[in-house]
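S.K.: Here is a sequence with its predicted model. Questions after.
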Amino acid sequence: MQTSDITTDSGADISAADRLPGTPAVPGGDDALPQITPLLVPRDGDVQPIVDPLRLASWARNLAAGSGPVALDAERASGFRYGSRAYLVQLRRADVGTALFDPIALGDLALLDAPLADSEWVLHAASQDLPCLAEAGMHPRKLFDTELAGRLAGLPRVGLGPLVEQMLGLGLAKGHGAADWSTRPLPAAWLTYAALDVEVLIELRDAMEALLDEQGKLDWARQEFAAIVAAPPTPPRVDPWRRTSGIHKIREPRVLAIVRELWTTRDSVARRRDLAPHRVLPDTAIVAAAFAKPASLDALVAMPVFAGRIQRRQASTWWDAIRRAMALPSSALPPSTLQGDGPPPPAKWALKDPKAAARLTAARAALAATSERINMPVENMLSPDLVRRTMWTPPAGEDIQAALRAGGAREWQIELTADDLRGALDAPVV
């Protein structure tokens, strides 16, 4: 456990021994949490973003000479800018201190990758930050995810703030996570918020490790963390335009073609202007125009969702997209739905395959019982998609373990759930 001091807003130093609960509170237990101490001032004081390549190189040398886990976090501007790149990266190592890096000014942070190659990275909700860190040139080799640790431990609230309160008795001020981090210069309050997000992440990691060890789940967590590190990049979505909000109401191929053309055009404009797509054209406008099939530019701008000054200025762009969709031959129209490679929605199983429906019902009941017994969300025990696939097409010879392994399940998950699924294979049809 780290023993460095933390400064609160009152200016008093609180040692780790004083601020960490002796025994982490157990979910659902009656243990009273310690009085929450607000954590509002970074222990390194005012931390300014590093924008000078020479300072970046100096930090790389310091990190290479340091030891121990490294806390990392990243701030994006997903609701404001195109894509999910990092606009600020926070880092803390106990023997080096806290640094904030501006990857926009620096170009990338690849210079930090080698010095951190042998270090365990500590992140909260790692899957959110690892893609933008990789885009900045940083890749973990060993990982500890405090949010995932909280899920595996069965804690009821796994956000960073609630975990820090429960495990460390400290209160993190929140409020800037959804801000536009592409803003320059960044306000002082935002920088304080960013520095505090890694301030006690190492202490939280140590507390979560102790709790998982006490519950007999530490090896499970290590397997999960290793799987995150080894996971390949997420492949691009097939037909990403089908995620347009409200598209579930559309079945006519011609209307879907209009959605596709408007979405693709909007994406091109948003990428060029570096704006979040919804700031260029809302999904509601796309769906409304698709349903209306306006016959002219004037008819388009007469629609309330296109009557604003910005949309009127770009109206010809959207009208051209609609005209392209209307001119497509029937053979070029998109199908109403995509054929997936998995089983149908569970709601349709009873009609399509009553035996499979019975297997799925039995499997879900057995997994729910195991979930309650070990105090862990069922979706962390085994991927719901893998459960459905296994119950829809059971493996030959009841080789459940091999099927789960081929589906990406970790060994601890296989050991924990194989008997539950095996027992569901012969479930009677009710």
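M.R.: Looks like it came in fine.
S.K.: For the residue nearest to the spatial centre of the chain, grab phi and psi.
M.R.: Residue closest to the mean C-alpha point of the chain, counted by CA atoms, centre = their mean, is Gln128 at 3.4 Å. Backbone torsions for Gln128, taken as degrees, to the nearest 10, come to phi -80, psi -30.
S.K.: List the contacts of it.
M.R.: With contact set as CB atoms under 8 Å, 6 or more residues apart in numbering, Gln128 has no partners. C-beta here means a position set from N, CA and C on the backbone, and glycine is covered the same way.
S.K.: 10 Å instead?
M.R.: By CB atoms under 10 Å, 6 or more residues apart in numbering, the contact list for Gln128 reads Asp73, Ala74, Arg76, Ser78, Ser84, Glu147.
S.K.: and what of Met138?
M.R.: 72, 74, 86, 89, 91, 101, 103, 108-113, 116, 121, 129-130, 132.
S.K.: change it to 7 Å
M.R.: By CB atoms under 7 Å, 6 or more residues apart in numbering, the residues touching Met138 are Leu109, Leu112, Asp113.
S.K.: you'd agree it is in a helix?
M.R.: No. Judged by DSSP: H, G, I helix; E, B strand; the rest coil, Met138 forms no part of a helix; its state is coil.
S.K.: follow-up on the earlier one: ok, the residue nearest to the centre of the chain to Leu421 distance?
M.R.: Per CB to CB, to the nearest Å, Gln128 is found 30 Å from Leu421.
S.K.: Check Ile400 too.
M.R.: Taking CB to CB, one finds Ile400 at 5 Å from Leu421.
S.K.: Could you pull up the contacting residues of Pro53?
M.R.: Each residue near Pro53 by CB under 7 Å, 6+ apart is listed here: Leu106.
S.K.: Tell me the confidence at it?
M.R.: Looking at Pro53, its pLDDT is 97.
S.K.: Look up phi and psi at it.
M.R.: phi -60, psi -30.
S.K.: go on, Ala302?
M.R.: Residue torsions, per degrees, to the nearest 10, at Ala302 are phi -80, psi -20.
S.K.: So what's the residue count around the nearest residue to it once chain neighbours are set aside?
M.R.: Nearest non-adjacent residue to Ala302, counting by CB to CB, 6 or more residues apart in numbering: Pro294, 7.9 Å away. Look at Pro294: counted by other CB atoms under 10 Å, it has 21 neighbours.
S.K.: Show me the helices in the stretch 1-150 of the chain, by range?
M.R.: Per DSSP state H, counting those that start in this stretch, the stretch 1-150 of the chain carries helices over the ranges 16-19, 53-65, 103-106, 126-135, 146-152.
S.K.: Can you name every helix or strand that the last one contacts?
M.R.: Secondary-structure packing of helix 146-152 (3 or more CB pairs under 7 Å, 6 or more residues apart in numbering; DSSP states H and E): helix 201-215, helix 218-230.
S.K.: who wins for proximity to His176 among those?
M.R.: The closest of the helices and strands packed on helix 146-152 to His176 is helix 201-215. By CB to CB, the value is 16.9 Å.
S.K.: Show me what counts as buried in that closest one.
M.R.: Going by neighbour count (16 or more other CB atoms under 10 Å), the buried part of helix 201-215 is 201-212, 215.
S.K.: for Ile414, what are its contacts?
M.R.: By CB under 7 Å, 6+ apart, the contact set of Ile414 is Gln401, Leu404, Arg405.
S.K.: what number of residues lie near the first one?
M.R.: By other CB under 10 Å, 18 other residues sit near Gln401.
S.K.: same question, the last one
M.R.: A count of nearby residues for Arg405, using other CB under 10 Å, gives 15.
S.K.: Could you do the second one as well?
M.R.: When counting by other CB under 10 Å, one arrives at 25 neighbours for Leu404.
S.K.: Would you mind confirming that Leu423 makes contact with Ala366?
M.R.: Careful, residue 423 is Gly; it's not Leu. Yes. Using CB atoms under 7 Å, Gly423 is in contact with Ala366, at 6.1 Å.
S.K.: quick one, which of these two is more surrounded?
M.R.: Taking other CB under 10 Å, Gly423 and Ala366 do not tie; Ala366 has more neighbours (18 against 14).
S.K.: just so I have it, where are all the strands in this structure?
M.R.: Using DSSP state E, the strands of the chain run over 6-7, 13-14, 37-39, 49-50, 70-76, 86-93, 97-101, 120-123, 142-145, 170-172.
S.K.: Could I get the ones you listed in a markdown table, plus columns for mean pLDDT, mean neighbour count and distance to Tyr193?
M.R.: Listed next are the strands of the chain as a markdown table, based on pLDDT from 0 to 100; neighbours: other CB atoms under 10 Å; distance: least, CB to CB, whole Å:
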| stretch | mean pLDDT | mean neighbour count | distance to Tyr193 |
| --- | --- | --- | --- |
| strand 6-7 | 44 | 20 | 16 |
| strand 13-14 | 39 | 14 | 20 |
| strand 37-39 | 93 | 18 | 11 |
| strand 49-50 | 98 | 22 | 13 |
| strand 70-76 | 98 | 25 | 9 |
| strand 86-93 | 98 | 24 | 10 |
| strand 97-101 | 97 | 21 | 11 |
| strand 120-123 | 98 | 24 | 17 |
| strand 142-145 | 98 | 22 | 21 |
| strand 170-172 | 94 | 20 | 9 |
